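Student: predicted model and sequence below, questions to follow.
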2 protein chains.
Amino acid sequence: MKSFIEEARHKQIVAAAISVLAREGYASASLSRIAKEAGISKSIITYHFSGKDEMFEAVYRSVESSASSYIAPLMETEEGPSGMIATYIRNQIGYMKEHRDELLAIGQLAMSHGRQEGPDYMATSAQEEARLLADLMAEGQRRGIFRDFDRRVMAAAISKAIESALTEWAYRPETDLDAYGDELIALFLRGMERREDGSS
Amino acid sequence: MKSFIEEARHKQIVAAAISVLAREGYASASLSRIAKEAGISKSIITYHFSGKDEMFEAVYRSVESSASSYIAPLMETEEGPSGMIATYIRNQIGYMKEHRDELLAIGQLAMSHGRQEGPDYMATSAQEEARLLADLMAEGQRRGIFRDFDRRVMAAAISKAIESALTEWAYRPETDLDAYGDELIALFLRGMERREDGSS
DNA sequence: CTATTTTCAGTCCGATCGGACTGATAATAG
DNA sequence: CTATTATCAGTCCGATCGGACTGAAAATAG
């Protein structure tokens, strides 16, 4: 089926949820609040979604697919591990510039599961990201471009560093995101590369 | 006054709150749940604290003072910016090893304020940490040991990287924290240092 | 036109929360 | 001994939540 209406409502509700999550945080993102944000009756949400969990999953998947479809094509043009990692960081921040609320929203969703891991779909997508970075690093190490470091640690550091750009930017809107990304690229490329003197 | 009983109760309640926050997250950290964790009546909490906010502030300040009293003395012995930053990272992780739940707990408290910054005491202590790192970096740059980078970005990256050690460790208990810390130190010292060839 | 889908405002339920309060009791201090 | 302080289990309140439900109206489809 997938009527136009159904799809439009889904998008509308997801968009309203993203706004509320990003602006007021997870605790305020109740069904009533989201319905109010969308200008619709609360019943409509439960009519189109089986419940709150399913709706938040739709939010997560929506942002995930949006981000990956933005980033994936831009990665194709690069070849070396260094360039690809730099491109990865640059693209993540590029996406961030145009989709601030989406990223803040899924950040709220990710944090809302205080200890005790959240739903599967979150864990798997986080693993995919770590995997992608780790593979690029392994290739760089194999080629002798990168020194020997722990790829898990490095991948986590990169992910968190990109995250820090978002929180800094949300906190200080005057932050120059492109410059922030360039700083991170310089930091990590220098931190990963093998030195000329051949040691380590 | 500060009777023995009052102080002991405060500590007991704070400890129980830390356990619940670290193990079950902010959402589960209700007064009833914390009282149950401590094996006391819920009324005792409202008897010794004016309310939930004051109690969580006590939790935050408790961990903050514990951490700074652990770390500060160990910083005195170092002299150069590189060594001090390395020591800073090492000490943060050293404290982490013995106070996992405390750090997870204040992490929950920090995250609980979805957008819209939390209480003052949190913001100021975060600023102090960033300030300390930024000052060390400025000194390193002045001495020509470090290259020219954005100290705000670098300080945020370091803080987040240390945080990543905690989340990784909480997620995978088999993580070798000392090795993790050494990896971070290698990463950031290489990322910050001025290269021998004199460029940039 | 008729049948179906969608929207709406609103109610009701059970649960949980922070917090104020009770009254009895236990512990401690002067 | 007498006051004071501390503890307890429990109640009550107002508020909010997710969610199920209602009945009627509106929109859409066949």
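Tutor: It's in. Residues are numbered from 1 along each chain as shown, chains lettered A, B, ... in the order given.

Student: which residue, other than its chain neighbours, is closest to A:Ser19?
Tutor: Distances taken as CB to CB, 6 or more residues apart in numbering or on different chains place A:Glu37 nearest to A:Ser19, at 5.7 Å, with adjacent residues excluded. All C-beta spots, glycine's among them, are computed from the backbone N, C-alpha and C.

Student: let me know the helix or strand that that neighbour is in.
Tutor: Following DSSP states H and E, one finds A:Glu37 within helix A:31-38.

Student: roughly how far is that helix from the heart of the chain?
Tutor: 24 Å (CA atoms, centre = their mean, to the nearest Å).

Student: show residues contacting it.
Tutor: A:12-13, A:15-17, A:19-20, A:24, A:41-42, A:44-46, A:52, A:55 (CB atoms under 8 Å, 6 or more residues apart in numbering or on different chains).

Student: likewise for stretch A:64-71?
Tutor: Residues contacting stretch A:64-71 (CB under 8 Å, 6+ apart): A:Tyr88, A:Asn91, A:Gln92, A:Gly94, A:Tyr95, A:His99, A:Glu102, A:Leu103, A:Ile106, A:Ser125.

Student: filter those down to just the ones in strands.
Tutor: Of the contacts of stretch A:64-71, none are assigned to strands by DSSP state E.

Student: restricted to buried residues, select those residues in PyMOL.
Tutor: Restricted to buried positions by 16 or more other CB atoms under 10 Å in any protein chain shown, the PyMOL selection for the contacts of stretch A:64-71 reads:
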select buried, chain A and resi 88+91+92+94+95+99+102+103+106+125
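
Student: what is the nearest of the contacts of stretch A:64-71 to DNA strand D?
Tutor: The shortest approach to DNA strand D among the contacts of stretch A:64-71 belongs to A:Ile106, at 17.0 Å (CB to the nearest atom of the strand).

Student: if I pick that closest one, what's in contact with it?
Tutor: By CB under 8 Å, 6+ apart, the contact list for A:Ile106 reads A:Val59, A:Tyr60, A:Val63, A:Glu64.

Student: tell me which parts of chain A are close to DNA strand D?
Tutor: A:3-5, A:28-33, A:42-43, A:46, A:50-53 (CB under 7 Å from any atom of the strand).

Student: most neighbours among these, which one is it?
Tutor: Among the residues of chain A next to DNA strand D, A:Ala29 has the most neighbours (other CB atoms under 10 Å in any protein chain shown), with 27 neighbours.
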